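> Show me how the following folds:
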Amino acid sequence: MVKVITYGSYDLLHYGHIRLLERAKALGDYLIVGVTSDDFDKKRGKINTQQPLMERVEAIRKTGIADEIIIEEYEGQKIDDILRFGVDIFTVGSDWVGKFDYLNEYCEVVYLPRTTGISSSDIRSCKRQIRLGFVGDYETRILKKFYNECKYVNGLEVSGICSMTKTIADEMEAPGLYVTDSFNDLLDRSDALFILSHPDLHYAQIREALERGKHVLCESPVTLDRETYCELTRLAKEKNLILMNDIKTAYSTAYYRLILLVKSGKIGDVVSIDATCTSLHEIQRENLKYAWNSICYWGPTALLPVFQLLGTDYVDVKLISKLLDKDSRYDQFTRINLIYPNGTATVSVGRGVKSEGELVISGTKGYIYVPSPWWKTDYFEIRYENPADNKRYFFQLEGEGIRQELVAFLKAIDAGRSASFISDDVASCISDIMDLFHRKENLVTI
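Now for the predicted structure:
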């Protein structure tokens, strides 16, 4: 029996896929089809796959061409599979000519001509392009990251930016980017907005965008109090629009897997969480009205694991802040202590104080340690009383989670329902903490 093996994502299965599979089957007596997992696709940079893994597997199964279907999950698996299944022929499309010649050491390698005029990429590109407008002035470093990551996301084009800074395109290294100081002008050119303006402006800008029928991805905190957040989410639902909360850490593979492991009971019941996010940022007093303070800049990220793991029903909260000056709203450093019925959390954030940016989640069976900077980690450890039981987890980080977040935003627009990894309860509680700080309630200044 001649065994043949081939691999692919098989996203949006089409005639070209089927013809390739038929030709692969004709090379031998038994065809094994490897379908790449979602995680492995992400590691290869294919983050615009439209269908989840099991949908793609089921589509292959229904063709009746494959004798066996396996999942491709890691680099180097092809050699393992060839040896394990006793494969005689490895085959793949001719657009990969030369790429897999190294497998000739283990079996025959055949490159098959692809069906011309059709591909998954072409099918995806035929879908409506979403014109995404940027809004922001001061945080050009973040705007630049989002602008660069948009290039990797199929179905998305940047329509321009609304900014009072005339040189913003140069600062973002985005030559040719359309710049306007008119918010309404940008709305006219866009289907959706990414808002990174000062948090004081979020509510009015989001409301105007939703009233004009535009989808919104907004840097967290979306608003500075729960009432206005709930008002905007209701408006979005009424108009069948997407309002999504931007905390890119939530979309990084390592962080997402960490949350799932904790919720599965790997470290027992969570009793304590310590999260620190700090950076040194030089503030010029004439720019204070544009600058994000520490609690707005870092607070949503640092609070994310607390609210996702301990929940949103805390019984007490205390804030301790070092302000730039007595009457300032700009905190150089803030510590947030939250008390729960069966747990506690300490969150430390700062843009004028530097500390080790670690995340420690303590449980009744063990704890999780994430080294600095934990908010864009590709690695974490589960540690137990017996060090021999410790486990380390590694995940490739592409674009700090921004690419995956943009893909989730586009999928939500396409499906007409939220695909956010951040629940409304979590987003509302983040707004609550912002409200406490700015009203100086439960706040001690040092």
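> how deep is residue 108 tucked in, by neighbour count?
Neighbour count for residue 108, taken as other Cβ atoms under 10 Å: 15. Yep, even glycine has a C-beta here, placed from its N, CA and C like the rest.
> all helices for the stretch 201-350 of the chain, in order.
226-238, 253-263, 294-309 (DSSP state H, counting those that start in this stretch).
> Residue 69: what's it in contact with?
The neighbours of residue 69, taking Cβ atoms under 8 Å, 6 or more residues apart in numbering as the test, are 32-35, 57, 60-61.
> Mind putting the helices of the stretch 201-350 of the chain into a markdown table with mean neighbour count?
Shown next, in a markdown table, are the helices of the stretch 201-350 of the chain (neighbours: other Cβ atoms under 10 Å):
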| stretch | mean neighbour count |
| --- | --- |
| helix 226-238 | 16 |
| helix 253-263 | 18 |
| helix 294-309 | 25 |
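> For residue 138, find the nearest of the ones you listed.
helix 294-309 (10.6 Å; Cβ to Cβ).
> Which elements pack onto that closest one?
helix 253-263, strand 270-278, strand 331-340, strand 343-350, strand 359-363, helix 424-438 (3 or more Cβ pairs under 8 Å, 6 or more residues apart in numbering; DSSP states H and E).
> What strand or helix carries the residue nearest to residue 112 when sequence neighbours are not counted?
Excluding the flanking residues, the one nearest residue 112 by Cβ to Cβ, 6 or more residues apart in numbering is residue 23, at 5.1 Å. Using DSSP states H and E, the element containing residue 23 is helix 15-26.
> again, but for residue 354
Going by DSSP H and E, residue 354 is not part of any helix or strand.
> That one against residue 277, yeah?
No - if you go by Cβ atoms under 8 Å, residue 354 and residue 277 don't touch, sitting 11.0 Å apart.
> related to what we said a few turns ago, partner strands of the helix or strand just after the helix holding residue 23, with direction?
Downstream of helix 15-26, the first helix or strand assigned by DSSP H and E is strand 30-36. For strand 30-36, the paired strands and their directions (DSSP bridges) are strand 3-8 (parallel), strand 68-72 (parallel).
> now the first one against helix 15-26, angle please.
For strand 3-8 against helix 15-26, the angle by axes from the mean of the first three to the mean of the last three Cα atoms, to 10 degrees is 160 degrees.
> tell me the mean pLDDT over strand 3-8?
Averaging pLDDT along strand 3-8 gives 96.
> Likewise for stretch 356-373?
On average, stretch 356-373 scores 97.
> same thing with stretch 418-426?
Confidence for stretch 418-426, expressed as mean pLDDT, is 89.
> what about stretch 54-69, average pLDDT?
89.
> do the same with stretch 234-247
Stretch 234-247 comes out at a mean pLDDT of 96.
> Show residues contacting it.
The contact list for stretch 234-247 (Cβ under 8 Å, 6+ apart) reads 192, 194, 206-207, 210-211, 213-220, 222, 232-233, 300-301, 304, 405, 408-409, 412-413, 416, 418-420, 422, 427.
> show me what contacts the closest residue to residue 432 other than its chain neighbours?
Once flanking residues are discounted, residue 432 sits nearest to residue 226: 5.2 Å by Cβ to Cβ, 6+ apart. When contacts are counted by Cβ under 8 Å, 6+ apart, residue 226 touches 428-429, 431-432, 435.
> Kindly report the same for residue 67.
Contacts of residue 67 by Cβ under 8 Å, 6+ apart are 30-32.
> that older thread, can you add neighbour count and give the contacts of residue 69 back as CSV?
Output for these, formatted as CSV (neighbours: other Cβ under 10 Å):
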residue, neighbour count
32, 21
33, 24
34, 22
35, 24
57, 19
60, 20
61, 13
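> quick one: low-confidence parts of the stretch 1-150 of the chain?
Where the stretch 1-150 of the chain drops to pLDDT under 70, the residues are 38-50, 115-128.
> all helices of it, in order?
Using DSSP H, counting those that start in this stretch, helices in the stretch 1-150 of the chain cover 15-26, 38-43, 53-63, 77-85, 120-125, 140-150.
> Tell me how far the residue most central in space within the chain lies from residue 416.
The centroid of the chain falls nearest to residue 251 when counting by Cα atoms, centre = their mean (2.5 Å). Residue 251 sits 20 Å away from residue 416, going by Cβ to Cβ, to the nearest Å.
> For residue 79, which of the helices of the stretch 201-350 of the chain is the nearest?
Ranking the helices of the stretch 201-350 of the chain by proximity to residue 79 (Cβ to Cβ) places helix 253-263 first, at 24.0 Å.
> quick one: contacts of the closest one?
So helix 253-263 is in contact with 39, 42, 249-250, 267, 270, 305, 308-309, 361, 363, 368, 370, 375, 377-380, 382, 393-397, 401, 404, 421, going by Cβ under 8 Å, 6+ apart.
> Since that was my last question, I'll sign off now.
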